[in-house]
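Novice: Build me a model:
(chains A and B)
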Number of protein chains: 2
Amino acid sequence: MYAFSNAVNSMHSEDVKQLMKQASGKNLISFAGGMPNNHLFPVEQIDEIYNSLPETVKKLCFQYGPTSGYPPLVKSLEDYLENKGVVVGDNKILVTTGSLQAISIITQEFVNEGDIILTENPCFVGALTVFETFGAEIHSIPIDKHGIDIEALKSKIESLERKPKFLYVTPNYHNPAGIIYSPERKKELLEALSGTGIILLEDDAYSDLYFNEDEKHLTKAMKSFGVKDVEIIYTGSFSKILGPGFRLGFMLSSEEIFEKAETVKQALDACTSNFMQILGNEFLVQNKLEPYLKFLRSEYQERRDLLQKHLKTHMPKEITWNEPKGGFYVWLKLPPNISSTDIFNESVTKGVVFVTGRTFDPASKKDDRLRLSFSNMPKDQIEKGVIILSEAIKEVLQNSKVVLS
Amino acid sequence: MYAFSNAVNSMHSEDVKQLMKQASGKNLISFAGGMPNNHLFPVEQIDEIYNSLPETVKKLCFQYGPTSGYPPLVKSLEDYLENKGVVVGDNKILVTTGSLQAISIITQEFVNEGDIILTENPCFVGALTVFETFGAEIHSIPIDKHGIDIEALKSKIESLERKPKFLYVTPNYHNPAGIIYSPERKKELLEALSGTGIILLEDDAYSDLYFNEDEKHLTKAMKSFGVKDVEIIYTGSFSKILGPGFRLGFMLSSEEIFEKAETVKQALDACTSNFMQILGNEFLVQNKLEPYLKFLRSEYQERRDLLQKHLKTHMPKEITWNEPKGGFYVWLKLPPNISSTDIFNESVTKGVVFVTGRTFDPASKKDDRLRLSFSNMPKDQIEKGVIILSEAIKEVLQNSKVVLS
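Specialist: Sure, this is the predicted structure:
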C-alpha cells in the first residue's frame, strides 16, 4: 500500500491514471520505485543507537536545532566527505531535510520565474518537479554512456541568449540512466563550464553504492577536482545509505552560497529534525555506515546480477541496455517507433510496472527508454517480472510490425 | 550551547550581535527561547513507543511516504481535531515538516513578490521571516488584550488598493503577546473578513496549553465556527505538545488549497519523515498525548505563576503586562520613551536575555514591549532572572529620567 504510494510519487501522471485503472485488486510486480527495499534497512543498528543514547542527547532529539544543522553531524559529514576525497576546505555544509530540499533551496536561491536551468536528458524527475514548480525554463542536454554530451552542452550554452543559472547533473550511477561519468567526461564538463559563470549543481546521492571496489575511484566528485573557476554546489543524501524516511541530506558550497541557502532554509522549515540528525550522526560516528554499505553493495549487486541474467535470457534482441556498475537502475533502450508508454500500458495489464522514459524528459516527450529499478525488488520476483515485461514488449513489438507491414 | 543557538534563531539580528559581544564566557539566564525545556520532553513515552513498534512498522520508519502524509497519522490527526471541536468535514490534512513549513507552503502557494499579506502587530517572528523571504509586502494591524483591532483591520483593508492574499493570526496564547482572542473578537474577525475574499490563516500552535480547564472553550478554532464565506486555512504543530525536534506539523484546508499545497510540498522535501510521523502517530493513537498535556499544563502554569509572583515583587510600577492564561509568553509593556533594545543591552551585560519588542514588528521599529518566555526556564532561575532584569530596567528608567529632567 505505502510502497505503492511511493512508486506513484516518481511516475508520470498519465501513467499513474493507467496504473490506477488496471491495478485494483492485482498483485503487481513493481520495478518502479527508486527506493531501498524495506527489508534492507539497518533497523537493528538504529535500535542499538537509539537505546544507547545518553539521556541528555536523547532530550536534544526533541528540541529545535540550529538552522544550519546539528553541529556534531556537520562535523561528522565533514569527516565523511574527507574520507570520500571531497575536500571541504573553505566550503560550508548545510544539513537539509533530504537532498531534494537542498535542490529546492538552491533553486529558490538562484532562480526566478523564467530563468534558465540546464539539466541532463534524461534527468531525475524529483529535481525536474522542483525546477518546474519554481517556474524555471529547463533546457536539457543528452547524455551518452560516459556522461553528458559536451558538444551539445557547449552549443546549448552558446545558443542561449540568457545565462543559465546552473547545470544540474547526477554523475554517479545516474537516475534513471544507470551510468557513471568517466573521469575524462567529468574533466571535460568542468572545462566546458569554465569561464561561463554557470554554477554546477552536482547531485551525488548514489556514489557509495558502487558494486566493485576497483571502481570506487570513478565516483570521485567533481567538487574535489580542484578546479577553481567553476562554482560547484555538491549535494548528498542519507536516503540511499540509511533510509529515505530520515529525510536527511546536505549541501556543500562556498560560504556565500551557504549563507543565502541558510536564510532560505530558515524560511522553509526552520531546521532539520534534531531527532533524525542525531541518529544519522551516531550512524556515522559509531562507524556503522561502512559495514552497512558493504552489505548494501552486495545485496544490490546480487539484484543487478539477477536482473541482468534474466533480461539477457528473456528480452527480445531489439532491446538493449548498459549494465549498471552501481546504484539502483537499468535503463532499457527500445527500438525506433516503440514507445515506453505503450509498453507500460500493456505491461500493467499483465501485472508489471516500471517508470516510462518520458517521465525523465523535461519536455515529457522522449519515450524510447524505460527505467527498471532493482533496489526495491524482492529477489524471487525478478525473473517473473522480467518474463512478464518481456511478453508485454514482444506484444507491442509484434503489433507495431503488423501495423508497419 | 544548542539552547543558545535556538534562542538566537528567534532574535533580532542586531540583538544577536550585542549578545555575542557580551555573552562570551558568561552564564546567561535566558527568557529568550520560545521552546519547551529539555527536561519536559516525553522521552520515556517515546522510548516505550519506539521499542514496541512491530518490525514491519519500524521498517516503514526508514522508507519514503506519500507527500500528503503517513495515512495512519492523517487519520489520527482527524480524530485529534474532531476532539478539539474542529470539524474536518470536506477539508483535507497535509502533514508538514513543522507548522512553519505549512506557513511557508501557503505563502508559496498564494504570494508572489510584492503581494500583500496582513499580519498582527506584534507577529510571530518565524512567520515574518517566511513572508519577507518570499518578498511579500507586509501590512500589520495592532492587537489589544482581546485580539486583533477590528476597526484598524477594516480601515486597513479599505485603504489598500490591492487585495491582501491572506491575514495571518495566532489567536490562542499569542506569540509574543500571550493573549487569547475573546470569542466575540473571533466572531468579529470572521465578520470583518466576510465578503472580502481574504483568506484567514489561523495558526494554532498553542491551544492545547491552556492552564485552566474552564478556559478550554476559549481556544475554539475559528475554523470550526461554521462560517461559510471566509476561506480558513488552519495550521497545527507537534512542537509544543511533543517536541520541536520532530519537525511535525500540519495544515487543514479546502481540497483545492490542499492539492496545490501538496504540489509545493512535493517540490520542497518530497515528504515529511516517516520515522517522525510514525512516532507522532503512536503518541496520539496510544492516548499518550492527553496525560502528557496534563503534565505540561501544570509545569507551564507553575512557571507562569512563579514568573508572575516575581514580576509583581520586583518590577518597577511603570512596567505593566497581562497575565497569560496559557502558552509560553509574558509581554511586558514599557513606559513611553523607553526602548526594549536599550533594556536588552543593559540586561545582557548583567546576564539576562529576552527577545526585544521590535523583533515582532514587521517594520522592526515598535520597541515598547519585551517578550519573556517562561517555557524554557528552569524554575529555580526565574526569581534571579527577574531581579536582574528589574535592575536593568530600573537603570534604564533612571537614566532616561536624568536625560529628561
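
Novice: Spit out the contact partners of A:V87.
Specialist: Contacts of A:V87 were listed using C-beta atoms under 8 Å, 6 or more residues apart in numbering or on different chains, and they are A:K223, A:S224, A:G226. From N, CA and C alone the C-beta is placed, and that goes for glycine too.

Novice: Please repeat the previous calculation with a cut-off of 10 Å.
Specialist: Contacts for A:V87 were tallied using C-beta atoms under 10 Å, 6 or more residues apart in numbering or on different chains; they are A:L81, A:A221, A:K223, A:S224, A:F225, A:G226, A:L252.

Novice: In strands, which of those appear?
Specialist: A:L252 (DSSP state E).

Novice: Of the contacts of A:V87 - the most surrounded one?
Specialist: Neighbours were tallied for each of the contacts of A:V87 (criterion: other C-beta atoms under 10 Å in any protein chain shown), and the maximum of 27 neighbours falls on A:L252.

Novice: Go ahead and confirm it touches A:I232.
Specialist: Yes - using C-beta atoms under 10 Å, A:L252 and A:I232 qualify as a contacting pair, with a distance of 8.6 Å.

Novice: overlap in contacts of those two?
Specialist: Between them, A:L252 and A:I232 have A:N91, A:E202, A:A221, A:K223 as joint contacts when contacts are counted by C-beta under 10 Å, 6+ apart.

Novice: Could you let me know which of those residues ends up closest to B:R369?
Specialist: When those are compared for distance to B:R369 (C-beta to C-beta), A:N91 comes out closest, at 41.1 Å.

Novice: Nearest residue to the closest one in space, ignoring adjacent ones along the chain?
Specialist: The shortest distance from A:N91 to any residue that is not its chain neighbour, by C-beta to C-beta, 6 or more residues apart in numbering or on different chains, is 5.1 Å, and that residue is A:L252.

Novice: Kindly provide the distance from that neighbour to A:S76.
Specialist: A:L252 sits 13 Å away from A:S76, going by C-beta to C-beta, to the nearest Å.

Novice: Quick check: neighbours shared by those two?
Specialist: Residues touching both A:L252 and A:S76 comprise A:I93, with contact defined as C-beta under 10 Å, 6+ apart.

Novice: would you say A:R185 is within a helix?
Specialist: Yes - the assignment for A:R185 (DSSP: H, G, I helix; E, B strand; the rest coil) places it in a helix.

Novice: How about the closest residue in space to it that isn't next to it in sequence: which residues does it bridge to?
Specialist: On the basis of C-beta to C-beta, 6+ apart, the spatially nearest residue to A:R185 that is not a chain neighbour turns out to be A:G147, at 3.5 Å. Applying DSSP bridges to A:G147 yields these beta-bridge partners: A:D144.

Novice: Most proximal residue of the stretch 101-250 of chain A with respect to chain B?
Specialist: A:G243 (3.1 Å; C-beta to the nearest C-beta).

Novice: got the contact list for the nearest residue in space to that residue that is not next to it in sequence?
Specialist: Closest residue to A:G243 apart from its sequence neighbours, by C-beta to C-beta, 6+ apart: B:F62 at 3.1 Å. Residues counted as contacts of B:F62 (C-beta under 10 Å, 6+ apart) are A:35-36, A:38, A:40-43, A:46, A:239, A:242-246, B:273-275, B:278.

Novice: List buried residues within those residues.
Specialist: A:35-36, A:38, A:40-43, A:46, A:239, A:242-246, B:273-275, B:278 (16 or more other C-beta atoms under 10 Å in any protein chain shown).

Novice: if we can go back for a sec, helices - which of the contacts of B:F62 land there?
Specialist: In helices, judged by DSSP state H, the following of the contacts of B:F62 are found: A:V43, A:I46, B:N274, B:F275, B:I278.

Novice: Next, the contact list for the closest residue to the fourth one other than its chain neighbours, please.
Specialist: Read it as B:F275. With sequence-adjacent residues excluded and distances taken as C-beta to C-beta, 6+ apart, B:F275 is closest to B:C61, at 4.1 Å. Under the criterion of C-beta under 10 Å, 6+ apart, the contact list for B:C61 reads A:38, A:41, A:43, A:46, A:243, A:245-246, B:50, B:53, B:70, B:273-279.

Novice: which stretches of chain A form strands?
Specialist: A:29-30, A:92-96, A:116-121, A:137-144, A:147-148, A:166-169, A:199-203, A:232-237, A:249-253, A:329-333, A:352-353, A:355-356, A:369-373.
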